[in-house]
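Peer 1: fold the following.
(one chain, ligands or ions: 2)
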Amino acid sequence: MVIRCYILSVRQWGITMAIIGIDLGTTNSLACVCREGKPILIPNSLGETLTPSVVSVDENGEICVGAVAKERLISHPEASAASFKRYMGTNKVFTLAGEKFTPQELSSFVLRQLKEDAERFLGEEVTEAVISVPAYFNDNQRYATKEAGRLAGIHVERLVNEPSAAALAASRISGEDEGSYLVFDFGGGTLDVSLVDYFDNIIEIIAVSGDNRLGGDDFDEVIARSFCAHHQMEFDTLDRQAKLALLRLSEKCKRELTRQDETELVWEAEDKRMPLNNLVLAGLGQKLFDRISQVIDRALHDSGRSMEEIDEIVLAGGSSKMPVVALYLQTLLKRRPTMAASPDEIVAMGAGVYAGIKERRQDIRDLVLTDICPFSLGTNVVNYVDGGNPIMSTVIERNSVLPCSKTGYYTNSYDYQAKIDIGIYQGEAYYCKENLKLGNIEMEILPCKKGEACLEVSFTYDINGILEVEVTDHQLNQRKRKVLTSEKLRMSEEEINRRLEELQAYKLMPCGGIRTKMIMARGERLFAQLLGARRQQVAIAMQQIEWAVKSRNDQQISKALKEAKEIFDRLEES
Ligand code: ADP
Ligand code: MG
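Peer 2: Ligands and ions are numbered 1, 2, ... in the order given. Presented below is the predicted three-dimensional model:
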């Protein structure tokens, strides 16, 4: 059964204050509300359910979010930002048109836009949201997501795990409330594979595995590289604008191959073309498929389950729509995945179902951090090949059942070492510097020969995400303890309130102007991409719009917009 979005007028239900579900994605975000037990996706002002998670500051200092901002990412890269979800819960700062923003502040603009779109659609005030987050999100990242909600003026009491949301939506749609699910979520830049059990109103994540540098963007890149090879060009030596333009054309081509079996990549500005079909794409993506299979293997291995014990494979994420991906999974897992809803909408639908459950004051327990630790925790050991680059020594392995306590023993790495610095890290990377540093404990030791000291290091991780590290030196009878709750990345109450006020000063672009902005931004991009008579056509269409806007005549504006859209569509089609 295929369930698409139901776009209805919701006013008739006479609700007062709505709780919505939000999929705050790396590439795209969506909002969903639950009415009469059914998830209803909320369209934005362009009538689309997907809002690109891109923010841009325009010439008037107004914030635009979504498709307009995505166009500006190419034409005004210094004023635009994308993929900021990757940096949630870190100290990274983005500079847009000279102004500094944290990842949660940029996310708050996306949330504010979704809230406004939802309020317009529902005709009600949205006060609360249930936001989905990746199951592996740590405490800092979860906290930062809630903070983004606060900065957007939305109360976020509940976060749900993305695979739990996908499994919940899938079970609602299939009408089978219980089961074991393998959720394959393949987005723009991330792959997450999770094993999820849903029994007796408890959703339990059994294992999670992922590659946070693997997604649809990689398929765009292999297509772009193959195009360059086809024309004896070097992808890496293209300038930024050219790279982005070619990647965009490659993405368009990739999407066409979801609808039809063959297509052609045409790069107008360079007067170059290349035919492409799904068979060729499958060959180009071979290395990516190998990485996909590793992630699936790891999830199955960590869960101790076999494919026979899985009831359903749930496809989520826009890249799961690719026929080459679905076919690969089918061959690998020897099972046909279900595509109950559109993969890029299923997480949002699940978040919407959660929001409905919350509105009815019922509960479904979503267990992840309470049950398993989705990441590894460990300490640093000497790298004898590259001394300045310590290696991760895992103490608590990912997917350990919580609460969990593990002990490791460590020694001095050179003669007469005076102290040992025990770093505390979280993550799966081999080198410590690529993992998240949570803190450290410094221990002074009795001077002795290399390898003669002995420190006992115990990690205890409890169900509330609190990590306690204790280091004992039995020789000196000394003990040091540290409790880590990752408070340091958090804003104080005053800071939040001050930033809340400052951010309110940034106005979101009014809904009425968005269509015009969208077409103009698209025009600017096409102008940069095309040459000759085609570039001229773009310029004329844009001038018509500018004239119409100046005349303030609504009819003329609509006419100019409609004509420009037709011209741009035609230019992009050819
Ligand atoms: P995220 O979870 O990262 O926010 P999405 O689930 O929205 O991302 O997936 C975005 C990715 O899906 C992009 O790489 C996009 O190119 C790809 N995608 C979306 N629709 C299609 C389609 N019809 N065919 C192929 N790829 C698609
Ligand atoms: Mg997603």
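Peer 1: so where's the stretch 151-300 of the chain shaky on pLDDT?
Peer 2: Scanning the stretch 151-300 of the chain for pLDDT under 70 picks out nothing.
Peer 1: how about the residues of it by ligand 1?
Peer 2: Contact residues (CB under 6 Å from any ligand atom) of the stretch 151-300 of the chain with ligand 1: 187-190, 215-217, 251, 254-255, 258. Where C-beta positions appear, they are placed from N, C-alpha and C, glycine not excepted.
Peer 1: try the stretch 1-150 of the chain
Peer 2: Near ligand 1, when you scan the stretch 1-150 of the chain using CB under 6 Å from any ligand atom, you find 25-28.
Peer 1: what comes up buried for stretch 55-63?
Peer 2: 55-58, 63 (16 or more other CB atoms under 10 Å).
Peer 1: got it, and stretch 322-338?
Peer 2: Using 16+ other CB under 10 Å as the test for burial, stretch 322-338 gives 322, 324-326, 328-329, 333, 337-338.
Peer 1: just flag the most distant two among the residues you listed.
Peer 2: Greatest spacing in these, by CB to CB: 324 and 338 (18.1 Å).
Peer 1: among the buried residues of stretch 55-63, which one lies nearest to ligand 1?
Peer 2: residue 55 (14.1 Å; CB to the nearest ligand atom).
Peer 1: which of the helices or strands spans that closest one?
Peer 2: strand 54-57 (DSSP states H and E).
Peer 1: so which elements touch the following helix or strand past that strand?
Peer 2: Tracing the chain C-terminally past strand 54-57 and defining elements by DSSP H and E, one meets strand 63-65 next. The contact analysis (3 or more CB pairs under 8 Å, 6 or more residues apart in numbering; DSSP states H and E) places strand 63-65 against strand 54-57, helix 103-122.
Peer 1: what's the spacing between the longest one and its chain's center?
Peer 2: From the chain centre to the centre of helix 103-122 is a distance of 16 Å (CA atoms, centre = their mean, to the nearest Å).
Peer 1: how about the residues of the chain by ligand 2?
Peer 2: Taking CB under 5 Å from the ion as the criterion, the chain approaches ligand 2 at residues 25, 187.
Peer 1: where does the chain dip in pLDDT?
Peer 2: For the chain, the ranges with pLDDT under 70 are 1-16, 363, 366-372, 463-465, 485-490, 511-512.
Peer 1: show me where it has helices.
Peer 2: All helices of the chain, identified by DSSP state H, fall at 67-75, 103-122, 139-151, 162-174, 216-230, 240-259, 278-284, 286-303, 323-333, 346-359, 493-504, 511-529, 532-551, 554-573.
Peer 1: as a markdown table, the ones you listed with distance to residue 96 would be great.
Peer 2: As requested, the helices of the chain are exported to a markdown table (distance: least, CB to CB, whole Å):
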| stretch | distance to residue 96 |
| --- | --- |
| helix 67-75 | 10 |
| helix 103-122 | 8 |
| helix 139-151 | 16 |
| helix 162-174 | 27 |
| helix 216-230 | 21 |
| helix 240-259 | 17 |
| helix 278-284 | 34 |
| helix 286-303 | 31 |
| helix 323-333 | 33 |
| helix 346-359 | 26 |
| helix 493-504 | 13 |
| helix 511-529 | 15 |
| helix 532-551 | 24 |
| helix 554-573 | 26 |
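Peer 1: sorry, back to before: tell me what the strand holding residue 55 is packed against?
Peer 2: Using 3+ CB pairs under 8 Å, 6+ apart, the elements in contact with strand 54-57 are strand 63-65, helix 67-75, strand 80-82, strand 94-96, helix 103-122.
Peer 1: among the ones you listed, which is nearest residue 33?
Peer 2: Closest to residue 33 of the helices and strands packed on strand 54-57 is helix 103-122 (CB to CB; 6.5 Å).
Peer 1: re the thing from before, partners of the strand holding residue 55, with directions?
Peer 2: As defined by DSSP bridges, the strand partners of strand 54-57 come to strand 63-65 (antiparallel), strand 80-82 (antiparallel).
Peer 1: for these, give me TSV that also has distance to residue 310.
Peer 2: Formatted as TSV, the strands paired with strand 54-57 follow (distance: least, CB to CB, whole Å):
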stretch	distance to residue 310
strand 63-65	38
strand 80-82	34
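Peer 1: hey, which of these is tucked in deepest?
Peer 2: Among the strands paired with strand 54-57, strand 63-65 has the highest mean neighbour count (mean count of other CB atoms under 10 Å), at a mean of 25.
Peer 1: touching that strand from outside, list them.
Peer 2: If you take CB atoms under 8 Å, 6 or more residues apart in numbering as the criterion, strand 63-65 is touched by 51, 54-58, 72, 109-110, 112-113, 506-509, 514, 517.
Peer 1: how near is residue 459 to residue 471?
Peer 2: Using CB to CB, to the nearest Å, we find residue 459 at a distance of 10 Å from residue 471.
Peer 1: identify the residue nearest whatever residue of the stretch 1-150 of the chain ends up closest to ligand 2 in space, chain neighbours excluded?
Peer 2: For the stretch 1-150 of the chain, the nearest residue to ligand 2 under the criterion CB to the ion is residue 25, separated by 4.0 Å. Leaving aside its sequence neighbours, residue 25 sits nearest to residue 53 (CB to CB, 6 or more residues apart in numbering; 5.7 Å).
Peer 1: ok, of the contacts of strand 63-65, which come out buried?
Peer 2: For the contacts of strand 63-65, a neighbour count by 16+ other CB under 10 Å gives the buried set as 51, 54-58, 72, 109-110, 112-113, 506, 509, 514, 517.
Peer 1: ok, which of the helices and strands packed on strand 54-57 comes nearest residue 41?
Peer 2: The nearest among the helices and strands packed on strand 54-57, by CB to CB, is helix 103-122 at 9.8 Å.
Peer 1: can you mark which positions in the closest one are buried?
Peer 2: 103-119, 121-122.
Peer 1: show me what it is packed against.
Peer 2: Taking 3+ CB pairs under 8 Å, 6+ apart as contact, the helices and strands that helix 103-122 lies on are strand 17-24, strand 28-35, strand 51-52, strand 54-57, strand 63-65, strand 125-133, helix 139-151, helix 493-504.
Peer 1: on that earlier part again, thought the residue nearest to residue 25 was touching residue 28?
Peer 2: Yes - taking contacts as CB atoms under 8 Å, residue 53 lies within contact range of residue 28: 6.0 Å.
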